[in-house]
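Student: Pasting the sequence and the predicted coordinates here, then a few questions.
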Amino acid sequence: MNCPVCGRPLKSPKSIAKGIGPVCARKLENLKDNADDDQLKMELDANAENVLQGIQKA
């Protein structure tokens, strides 16, 4: 079984059970709550309408 992120073979039983290698799991965990600066962020406003943040309105 290989890591779906990097493609390296999973060797430890723990990694095989998780389905991902420890380094890739750590990297994904660090990215979980941090959007890239150039990534758009979409949230719902009080009226449940989509609001794009990070884009200046014309």
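Tutor: On my side now, so go ahead.
Student: measure the closest residue to residue 19 other than its chain neighbours to residue 32 for me?
Tutor: Closest residue to residue 19 apart from its sequence neighbours, by CB to CB, 6 or more residues apart in numbering: residue 4 at 7.0 Å. Where C-beta positions appear, they are placed from N, C-alpha and C, glycine not excepted. Note on residue 4: its distance to residue 32, by CB to CB, to the nearest Å, is 16 Å.
Student: cool, residue 12 as well?
Tutor: With distances taken as CB to CB, residue 12 is found 22 Å from residue 32.
Student: can you count the residues close to the spatially closest residue to residue 6 that is not a sequence neighbour?
Tutor: Leaving aside its sequence neighbours, residue 6 sits nearest to residue 24 (CB to CB, 6+ apart; 5.5 Å). Residue 24: 18 surrounding residues under other CB atoms under 10 Å.
Student: And for the longest helix along the chain, what's in contact with it?
Tutor: Determined from DSSP state H, the single longest helix within the chain is helix 22-31. Here helix 22-31 makes contact (CB atoms under 8 Å, 6 or more residues apart in numbering) with 3, 5, 6, 12, 14, 15, 18, 20.
Student: List the buried residues of it.
Tutor: 24, 25 (16 or more other CB atoms under 10 Å).
Student: For that helix, the averaged confidence score.
Tutor: Per-residue pLDDT values across helix 22-31 average out to 88.
Student: hang on, the earlier thing: between residue 12 and residue 32, which is the more surrounded one?
Tutor: residue 12 (10 against 6).
Student: For that one, grab phi and psi.
Tutor: phi -80, psi 150 (degrees, to the nearest 10).
Student: Show me where the protein dips below the pLDDT cut-off.
Tutor: 34-58 (pLDDT under 70).
Student: mind listing the strands for it?
Tutor: Using DSSP state E, the strands of the chain run over 41-44, 50-53.
Student: about what we covered before: burial of the residue nearest to residue 19, as a residue count?
Tutor: 11.
Student: how near is it to residue 23?
Tutor: Taking CB to CB, one finds residue 4 at 13 Å from residue 23.
Student: before we move on, what about residue 31?
Tutor: Residue 31 sits 13 Å away from residue 23, going by CB to CB.
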